[in-house]
Every structure is written in C-alpha cells, then in structure tokens.
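S.K.: show me the folded form of this:
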Amino acid sequence: MAIDLAKTAKSKGIKYFLISFTDLFGVMRSKLVPAAAIADMAKDGAGFAGFAAWLDMTPANSDMFAIPDPNSLIQLPWRPEVGWLAANLWMDGKEVEHAPRNTLKRICDIALKKGYRLKTGVEPEYFLISEDGEALSDPRDTQEKPCYDQSALMRRYDVISEICDCMIELGWGPYQNDHEDANGQFEMNWDYNDAVVTADQHAFFKYMVKAIAEKHGLRATFMPKPFAHLTGNGCHVHVSIWDKAGKKNLFQDAKGELGVSKLGYQFMGGLMHHAVGMTAITNPTVNSYKRINGAVTTSGATWAPNTVTYGGNNRTNMIRIPDAGRFEFRLADGASNPYLLQAALFAAGLDGIANKRDPGTRVDLNMYEEGHKVKGAKKLPLNLLDALRELEKDRTLRDTMGDEVIDAFLKLKHKEWLKFTANLTPWERENALDC
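M.R.: Have a look, this model is predicted:
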C-alpha cells in the first residue's frame with residue numbers, strides 16, 4: 001500500500017518535501033515543495049526543464065515531470081521538517097528511458113521476471129577537506145599509513161558520529177566507520193538491501209555527508225582522485241542475487257569454490273566479460289583514470305585495480321570474494337552514478353548468467369606487484385575516451401540498459417571529454433613551452 005504523503009506530512013511534522021532525481025552525471029536535482037502541495041505533486045509530479053540538467057534534451061522539449069516514489073521517503077534527521085523523495089522521470093505521458101533511476105528499475109524488473117532479486121551494499125569513500133577545496137581539513141592528519149588511525153578518526157568525531165547517528169535514526173543499519181587509506185579520507189558502512197533501495201540510499205548518503213560537513217564548516221568530496229599523492233575515493237559494491245521472495249541467497253553454495261554457487265560465478269563471468277566497456281559508467285570522469293591508473297601513493301598502494309581479474313579474499317583484484325555467497329566489485333569510484341552503477345553491474349551479470357560465462361581461474365597473486373605474471377588478463381581503459389569507445393562497442397550493455405540511456409550518456413560524456421581536451425594544464429606548459 002502506497003504511503004499517503006499528505007497524511008505522513010501531518011503526522012511527522014514535515015513542512016517541505018525535496019522531490020529529487022539524479023541526472024546522467026550523478027548530480028542530484030530537486031524542487032522544494034510545501035507540504036500543502038504534496039498531494040498534487042504525488043499524483044502529477046514536479047515540473048522540470050530537462051535541458052537544464054545533465055540529460056539528453058533540448059530547450060524545445062516538453063516539461064519533464066518528477067513523480068515521487070512515496071516508499072523512498074527519508075525525513076532529514078538534521079532538519080526533520082524536510083522530507084526527501086526519490087522520483088521517477090516522465091515526459092509526454094511516458095517514462096524518460098534514459099533517466100538513471102528508471103533504467104535501474106527497468107533492469108530490476110527484468111531480473112525479477114527471471115526469478116532474481118538483486119541485492120547490493122555500497123562502500124562510498126570520501127575526503128573531509130577545507131571549504132575552498134585546497135587542503136585536507138585536518139592539518140595533523142599526516143601519517144604515511146593513516147588507515148584506521150584512531151586519533152585522526154576521533155578528531156573528526158563530531159562529523160562522523162552525526163552522520164552515523166542519522167543512519168541509525170533512518171534504520172539503515174550502519175555497523176562501522178573508519179579512517180581510510182588516505183589522509184583525510186573516511187568510509188562508513190551500512191546494511192545491504194534491494195538494489196533500488198541501496199541506490200536511493202547511496203544518492204542520499206552523498207547529499208547527507210556533504211550537508212553535515214558544511215554544518216561543521218568543512219567540505220566533503222567523493223571526487224575519485226582529489227590529491228595526486230593520496231589514495232583515491234573508491235565505491236566498492238557487494239553483490240548477491242536472491243530468489244524472488246528475497247529469502248534465499250542464490251550465490252551461496254557450501255560446495256562451491258569459496259562458498260559461491262555456479263550462478264554466482266556465471267554472474268562474475270559477465271562482469272569480467274563486460275568490465276572494459278562498463279568502466280565508462282563505473283568510472284565516469286576524466287579524473288577517474290588518475291585513480292585506476294595512478295602511481296603508487298604515499299601509503300604504498302592505490303587500492304584500485306587496473307586489470308580484469310578476480311580472487312579470494314585478496315583486495316588487489318578487481319573482484320574479491322571475501323565471504324561465501326557474495327563478492328565485492330572494487331572498480332567503481334566516488335563519481336559513479338548511484339543508479340547507473342548498479343544498472344551496469346546487473347546488465348553485465350545477467351548476461352553472464354544467460355550465457356553461462358566462465359570467469360576463469362582465480363588469481364591469488366599480489367596484482368599490484370605481480371600482475372605481469374597473469375597471462376591474457378584484460379587491462380582496463382587508460383582514460384575516459386578509451387572507456388567511452390569500449391562502451392560504444394558493447395552491444396549487450398546497450399541492449400539491456402537501453403539505446404536511449406547509452407546514447408545519451410555517450411553523447412554528453414564525449415562533450416565533456418572535448419571540453420577537457422580544450423583546456424591547457426600547467427603540466428603541459430611546464431613540459432612543452434620550450435620544445
């Protein structure tokens with residue numbers, strides 16, 4: 001039974017609603033709607049000009065309407081008079097096919113028809129930096145290996161605990177917070193859930209972290225590689241498939257290698273088969289490739305893959321199997337779109353199941369130091385342009401995700417690449433001015 005937003009507003013003291021959608025570049029767009037108007041908005045949606053966001057539209061297009069999903073309602077713990085709602089985009093009486101949330105929902109529906117319920121958990125890393133973005137927020141956070149540093153973690157206790165308290169209040173089931181491998185970098189973990197729920201939470205988490213950091217006079221960034229000498233921001237995804245009722249984990253098999261079923265390995269084979277083309281979606285910015293093809297950092301490791309391999313509980317692979325019944329996809333970064341990330345994962349994985357793709361033999365080497373010993377392993381793209389070209393060639397991702405979303409994404413991202421190449425960097429002038 002759908003939630004009555006007007007009644008909920010009265011019972012929970014909500015004065016305003018943020019009707020929100022995430023565009024192709026992962027930017028959250030919203031309108032602030034007074035509670036008195038929410039009944040009409042719930043029915044007809046809030047109107048937007050799609051061209052004004054990163055969507056493939058023109059100023060001549062019709063109004064686009066964001067129809068809120070009442071079940072996605074999140075009451076802002078730090079501002080409880082405001083309720084946030086994820087919305088599905090419609091235009092001219094039809095769903096906007098290249099809208100990211102619509103795309104993920106469509107793939108989840110395909111999976112459900114096959115008897116599969118997709119479940120994921122995400123681990124988005126972020127930095128707490130100065131308001132001007134030039135420096136880390138904690139000048140004393142300087143250890144060569146700062147990961148899990150208690151003192152640095154507790155110097156940011158006020159921010160971290162407030163975010164965690166919000167997740168507890170929201171019922172997300174947060175279970176650990178830590179200082180990550182880079183100076184100034186943090187990660188917070190919460191329970192896995194159905195893919196659309198996790199994507200909504202991921203989108204809201206990024207907003208929440210930034211909002212609470214601002215309350216404390218700081219700035220939070222999920223940029224893949226904000227500092228050249230430090231480990232970048234990953235967004236690891238833990239993946240499993242359950243039966244339609246969500247009761248049985250279909251990736252779990254006590255007799256399977258490392259406790260993973262044949263179905264799980266086929267899904268993994270799909271990810272490995274499509275990883276090169278999928279990288280444009282999981283690592284969608286120019287800066288992303290400074291992380292996955294970066295030099296060794298101050299701490300001694302980038303913690304990012306650059307080769308398509310899988311292994312057991314070995315973090316140097318693109319895919320890690322830390323436990324029976326699930327695996328961790330370690331390629332994606334902090335710029336990944338919360339909805340397209342999961343849509344691409346499942347498009348690739350479902351193809352793996354359909355075609356019984358074999359991921360090959362697991363790799364138990366240290367891929368950072370011994371990767372050259374693995375014969376025939378595919379390398380990940382070196383830059384965004386290479387990744388976009390690989391995505392263009394991946395017919396299966398296009399067929400499953402939809403022509404509209406792939407075409408729109410490629411069109412806008414190629415424009416972004418051209419903007420990047422039109423700019424001169426200080427490095428170019430320093431190294432070529434006298435040539």
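S.K.: so which residues of the chain form helices?
M.R.: Ranges of helices within the chain are 5-12, 38-44, 100-113, 150-155, 157-170, 195-215, 262-282, 288-292, 338-354, 367-370, 384-393, 395-401, 403-421, 426-432, based on DSSP state H.
S.K.: list the contacts of the fifth one.
M.R.: Taking Cβ atoms under 8 Å, 6 or more residues apart in numbering as the criterion, the residues outside helix 157-170 that touch it are 74, 77-78, 128, 153, 173-174, 177, 186, 188, 190, 205, 208-209, 212-213, 215-216, 218. C-beta: built from backbone N, CA, C; applies to glycine.
S.K.: can you turn the buried part of those into a PyMOL selection?
M.R.: Remark: buried members of the contacts of helix 157-170, expressed as a PyMOL selection using 16 or more other Cβ atoms under 10 Å:
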select buried, resi 74+77+128+153+174+177+186+188+190+205+208+209+212+213+218
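S.K.: contact partners for Ser288?
M.R.: Pro224, Lys225, Asp333, Ala335, Leu384.
S.K.: need those in TSV with pLDDT, can you?
M.R.: Shown next, in TSV, are those (pLDDT from 0 to 100):
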residue	pLDDT
Pro224	98
Lys225	98
Asp333	98
Ala335	98
Leu384	98
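S.K.: quick check: of those residues, which lies closest to Phe327?
M.R.: Asp333 (18.1 Å; Cβ to Cβ).
S.K.: I'd say that closest one and Gly234 touch.
M.R.: Yes: Asp333 sits in contact with Gly234 when judged by Cβ atoms under 8 Å, with a separation of 5.6 Å.
S.K.: mutual contacts of those two, please.
M.R.: With Cβ under 8 Å, 6+ apart as the test, Asp333 and Gly234 both reach Arg291, Ala304.
S.K.: burial measure for Asn88, as a count.
M.R.: 18 (other Cβ atoms under 10 Å).
S.K.: now do the contacts for the closest residue to Pro59 other than its chain neighbours.
M.R.: Distance criterion Cβ to Cβ, 6 or more residues apart in numbering; nearest residue to Pro59, sequence neighbours excluded, is Phe51 at 5.0 Å. Phe51 makes contact with Met57, Thr58, Pro59, Asn61, according to Cβ under 8 Å, 6+ apart.
S.K.: tell me, how many residues neighbour the closest residue to Phe205 other than its chain neighbours?
M.R.: Leaving aside its chain neighbours, Phe205 sits nearest to Pro124 (6.3 Å; criterion: Cβ to Cβ, 6+ apart). Residue neighbour count, defined by other Cβ under 10 Å, stands at 23 for Pro124.
S.K.: surely Pro124 touches Met223?
M.R.: No: counting by Cβ under 8 Å, Met223 is not a contact partner of Pro124; they are 11.8 Å apart.
S.K.: shared neighbours of the two, anything?
M.R.: In contact with both Pro124 and Met223: Asn233, Gly334, using Cβ under 8 Å, 6+ apart.
S.K.: check contacts around Asn183.
M.R.: Leu136, Asp138, Asp141, Thr142, Gln143, Pro146, Ala152, Leu230, Thr298.
S.K.: count the neighbours of the first one for me.
M.R.: Read it as Leu136. 21.
S.K.: what of the fifth one?
M.R.: A total of 14 residues lie near Gln143 under the criterion other Cβ under 10 Å.
S.K.: remind me, longest strand of this protein?
M.R.: strand 116-129 (DSSP state E).
S.K.: quick one: buried residues of stretch 152-164?
M.R.: Ala152, Leu153, Arg155, Arg156, Val159, Ile160, Glu162, Ile163, Cys164.
S.K.: and the third one, what's its pLDDT?
M.R.: Here the pLDDT value assigned to Arg155 is 98.
S.K.: which residue is the nearest non-sequential neighbour of it?
M.R.: Nearest one to Arg155, counting by Cβ to Cβ, 6+ apart, is Asp138 at 5.6 Å.
S.K.: surely that neighbour meets Ile129?
M.R.: No: here Asp138 does not reach Ile129: they are 9.4 Å apart, not a contact under Cβ under 8 Å.
S.K.: and these two? which has more neighbours close in?
M.R.: Each of Asp138 and Ile129 has its neighbours counted (other Cβ under 10 Å); Ile129 has more, 22 against 19.
S.K.: is it true that the more buried one touches Arg219?
M.R.: Yes: between Ile129 and Arg219 a contact is recorded at 5.1 Å, counting by Cβ under 8 Å.
S.K.: which residues do those two both contact?
M.R.: With Cβ under 8 Å, 6+ apart as the test, Ile129 and Arg219 both reach Ser137.
S.K.: for stretch 62-82, the distance to its chain's centre please.
M.R.: Stretch 62-82 sits 20 Å away from the centroid of its parent chain (Cα atoms, centre = their mean, to the nearest Å).
S.K.: same check on stretch 241-261?
M.R.: The answer for stretch 241-261 is 24 Å, by Cα atoms, centre = their mean.
S.K.: name the nearest of the buried residues of stretch 152-164 relative to Pro426.
M.R.: For the buried residues of stretch 152-164, the nearest to Pro426 is Ala152 (30.3 Å; Cβ to Cβ).
S.K.: my guess is the closest one meets Asp138, correct?
M.R.: Yes: applying Cβ under 8 Å, one finds Ala152 in contact with Asp138, separated by 6.3 Å.
S.K.: re the thing from before, redo the buried residues of stretch 152-164 as CSV? Include distance to Thr396.
M.R.: Shown next, in CSV, are these (distance: Cβ to Cβ, whole Å):
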residue, distance to Thr396
Ala152, 44
Leu153, 43
Arg155, 47
Arg156, 43
Val159, 42
Ile160, 41
Glu162, 43
Ile163, 38
Cys164, 39
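S.K.: what sits against Tyr339?
M.R.: Thr22, Pro100, Arg101, Thr103, Leu104, Ala199, Ala203.
S.K.: determine which two of the residues you listed are furthest apart.
M.R.: Among the contacts of Tyr339, Thr103 and Ala203 lie farthest apart (Cβ to Cβ), at 13.7 Å.
S.K.: look at the two and report which has more neighbours.
M.R.: Thr103 (28 against 23).
S.K.: name all residues that make contact with the more buried one.
M.R.: For Thr103, counting by Cβ under 8 Å, 6+ apart, the contacting residues are Glu97, Tyr339, Leu340, Ala343, Met401, Gly402, Val405.
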